[in-house]
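Q: Model the structure of this input:
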Amino acid sequence: MEDTDLNGLDYQSAKEYVLLYITTLKKTDREIGKALSELRKWENRVKLASEKGKDDLKEIAGQKAREAKETVKALNAERDELIVKVEQLKRNLLRVKAGPEYSVDADKLLAEFQMLLGEEDTTGKGIKELEIDKSLDTLKEKLHKKPQT
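A: Next comes the predicted model:
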């Protein structure tokens, strides 16, 4: 099942699923804010270390700033992907809402039938094979009993 596929879900379940994605998007937005704050902090430390002539501290702060920048970049990419999915999910949710609501889930019903009926009927096949074997044995006996001329 694709992330944006709401087939087989009733409207309420589909709505809850979409809300989970929206919540994840909001959390990602908050994480981006924290990461940007962290990036600014390390960029300011690089600037301060440079002003004070502390090259060793400048290098360490620069490394931390680069790491923070990569985090911001990754979170922004995740956010962009989530935005696309949320928009698709919203469109699919409207289709679910507009479509007929079925009281029976066909996949669930099929699974229940298979559970009730069990596996394929092997008893009937076994009996037929025994009948065939018996017929073959009878034919073999007739051939052996047939007088040779």
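
Q: N92 is in what secondary structure piece?
A: Taking DSSP states H and E as the definition, N92 sits inside helix 55-98.

Q: now what about whichever helix or strand comes after that helix, what contacts it?
A: For helix 55-98, the following helix or strand on the C-terminal side (DSSP H and E) is helix 106-117. Helix 106-117 is contacted from outside by G8, using CB atoms under 8 Å, 6 or more residues apart in numbering. (Glycine included, C-beta is placed from N, CA and C.)

Q: and helix 106-117, how far out from the chain's middle?
A: Remark: helix 106-117 is offset 23 Å from the chain centroid, using CA atoms, centre = their mean, to the nearest Å.

Q: pLDDT on that helix, on average?
A: Averaged across helix 106-117, pLDDT comes to 75.

Q: could I get it in PDB with only the CA atoms?
A: Extracted C-alpha coordinates of helix 106-117, given in PDB (Å, rounded to 0.1, in the frame of the first residue of the first chain):
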ATOM      1  CA  ALA A 106     -14.200  -7.200   0.800                       C
ATOM      2  CA  ASP A 107     -10.600  -8.100   1.700                       C
ATOM      3  CA  LYS A 108     -11.600  -8.700   5.400                       C
ATOM      4  CA  LEU A 109     -14.500 -10.800   4.200                       C
ATOM      5  CA  LEU A 110     -12.300 -12.900   2.000                       C
ATOM      6  CA  ALA A 111      -9.800 -13.500   4.800                       C
ATOM      7  CA  GLU A 112     -12.700 -14.600   7.100                       C
ATOM      8  CA  PHE A 113     -14.000 -17.000   4.500                       C
ATOM      9  CA  GLN A 114     -10.600 -18.500   4.100                       C
ATOM     10  CA  MET A 115     -10.200 -18.800   7.800                       C
ATOM     11  CA  LEU A 116     -13.600 -20.500   8.200                       C
ATOM     12  CA  LEU A 117     -13.300 -22.800   5.200                       C
END
